[in-house]
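Engineer: Got a sequence here, can you build the structure:
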Amino acid sequence: MIQRDSVIEILSKIIEPDLKKDIVSLNLVEDLKIMDNEIHLTVYVTNPAMHARNRMKEAVVFNLKSRLDKRTEIYCTVKQKTSELNDVHRKILPDVSKIIAIASGKGGVGKSTVTANLAGGLAKKGFKVGIVDADIYGPSMPTMFDLVGERPKMIEIDGESKIEPILSHGVKVLSIGFFTDKENAVVWRGPMASKALLQMFNDAYWGELDYLLVDLPPGTGDIHLSLIQTIPLDGVVIVSTPQEVALADARRGVNMFKMENVNVPILGMIENMSWFTPAELPDHKYHIFGRDGAKNLATGMGIPFLGQIPLIQSVCESGDSGRPAVLQENSSGSNAIHDVVNKFEVQVKLLTNLVSNGK
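Structural biologist: Modelled structure (predicted):
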């Protein structure tokens, strides 16, 4: 007869990898039932990724079978402990309230411009904001925040050397562009790029932040999966232009974040380059890439639509000059971006309420 105390003693040797404590002391074991040579139990983990759940199940089955009769049948269900998500935040980025990724299915839709202006708009409203420029192969933030040629300093925090993000326009910025020659291509294989990205989270001192925005590279590749599996994202914003070729990729991006083994909440979609307005005709709108494409896609997929940003020369020039357009006063571009920032803030609050209510 299998003894319950023996099972619990074995399980107490299994460590939850993110929280660095055993699953018994963390109360992550539930519904433990022992019937003849069968053991049924549910174990919770904080990492939502499928691979994390599979590894925990393998650890439970291996440890029980190796210490008990090998003929024992183990029926282990592993689930995500949603109410404990903040514990992971405390471990990896203890003083960051919300980590939000900005993604796009394809390149050239202005994702980095949107990220820079979203960060600038939040900072302008008084929030403490940081940006991780995770676009390893095409970092844009040094240019958009007038930081080309800058190099972060090392500081000592609790006896450890940490990278100090560079402050510009009220936003803390770390970019792979700070550590590479801007004239040369970054030729890295996936694992090397992923390691460099994670260093900007684990080896940097961000301090207290309300928002840490992560400017992802376009597409759905190794860097996205490495980030999702390691960093506890609170949500993702999808950026697209109205044209059909961009919408098809945006749809794939949405579906990736909705996958069971990814499962990152989608805060909403932003449509960039919605129309062109020439400076000499401020009341005219030319929908050169199509009309309301991303707005209709968001509605059709049941996700929030956060607004439209026009294709305006001042927005482009502001990015090139190192001062996001949202910091301008009462221009058509800055007003549109402010509307997006406000809707983004509302969606974050709604998501926070849903999580706190366990939904």
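Engineer: helix or strand right after the helix-or-strand element of the chain with minimal mean pLDDT?
Structural biologist: Ranked by mean pLDDT, DSSP states H and E, the helix or strand of the chain with the weakest confidence is helix 85-92, at a mean of 54. Downstream of helix 85-92, the next assigned helix or strand under DSSP states H and E is strand 96-103.
Engineer: can you tell me which residues contact Ile34?
Structural biologist: Applying CB atoms under 8 Å, 6 or more residues apart in numbering to Ile34 gives the contacts 2, 4, 7, 40. In short, each C-beta sits where N, CA and C put it, glycine included.
Engineer: Let's see that with 7 Å instead.
Structural biologist: 2, 4, 7 (CB atoms under 7 Å, 6 or more residues apart in numbering).
Engineer: Next, the buried residues of the longest helix that the chain contains.
Structural biologist: When the chain is parsed with DSSP state H, its longest helix is helix 332-356. By neighbour count with 16 or more other CB atoms under 10 Å, helix 332-356 contains the buried residues 332-334, 336-338, 340-341, 343-345, 347-348, 351, 355.
Engineer: likewise stretch 205-217?
Structural biologist: Residues of stretch 205-217 classed as buried: 205-206, 209-217 (neighbour count, 16+ other CB under 10 Å).
Engineer: Strands - which of those land there?
Structural biologist: Here DSSP state E is the test, and those give 209-215 as lying in strands.
Engineer: could I get these as CSV with distance to Ala119?
Structural biologist: Shown next, in CSV, are these (distance: CB to CB, whole Å):
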residue, distance to Ala119
Leu209, 11
Asp210, 11
Tyr211, 7
Leu212, 9
Leu213, 5
Val214, 11
Asp215, 9
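Engineer: okay but Asp135 is in contact with Pro217, surely?
Structural biologist: Yes - between Asp135 and Pro217 there is a contact under CB atoms under 7 Å: 4.5 Å.
Engineer: got any ranges where the stretch 201-350 of the chain has weak pLDDT?
Structural biologist: Applying pLDDT under 70 to the stretch 201-350 of the chain flags the ranges 219-222, 261, 330, 332.
Engineer: one more time with 80
Structural biologist: Along the stretch 201-350 of the chain, segments meeting pLDDT under 80 span 218-230, 259-262, 279, 282, 314, 316, 319-320, 328-333.
Engineer: swap in the stretch 51-200 of the chain?
Structural biologist: Checking the stretch 51-200 of the chain against pLDDT under 80 turns up 51-52, 80-92, 94, 105-106, 136-138, 179-196.
Engineer: send the alpha carbons of the lengthiest strand in the chain over as PDB?
Structural biologist: As assigned by DSSP E, the longest strand anywhere in the chain is strand 266-276. Output of strand 266-276 as PDB, limited to C-alpha atoms (Å, rounded to 0.1, in the frame of the first residue of the first chain):
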ATOM      1  CA  ILE A 266      -3.900  40.500 -26.200                       C
ATOM      2  CA  LEU A 267      -4.500  44.100 -25.100                       C
ATOM      3  CA  GLY A 268      -5.500  45.200 -28.500                       C
ATOM      4  CA  MET A 269      -4.500  46.200 -32.000                       C
ATOM      5  CA  ILE A 270      -3.200  49.600 -33.300                       C
ATOM      6  CA  GLU A 271      -3.600  50.600 -36.900                       C
ATOM      7  CA  ASN A 272      -0.600  52.600 -38.100                       C
ATOM      8  CA  MET A 273      -0.400  54.600 -41.400                       C
ATOM      9  CA  SER A 274      -4.200  54.700 -41.500                       C
ATOM     10  CA  TRP A 275      -4.200  57.600 -43.900                       C
ATOM     11  CA  PHE A 276      -1.900  60.200 -45.300                       C
END
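Engineer: Many thanks, we can stop here.
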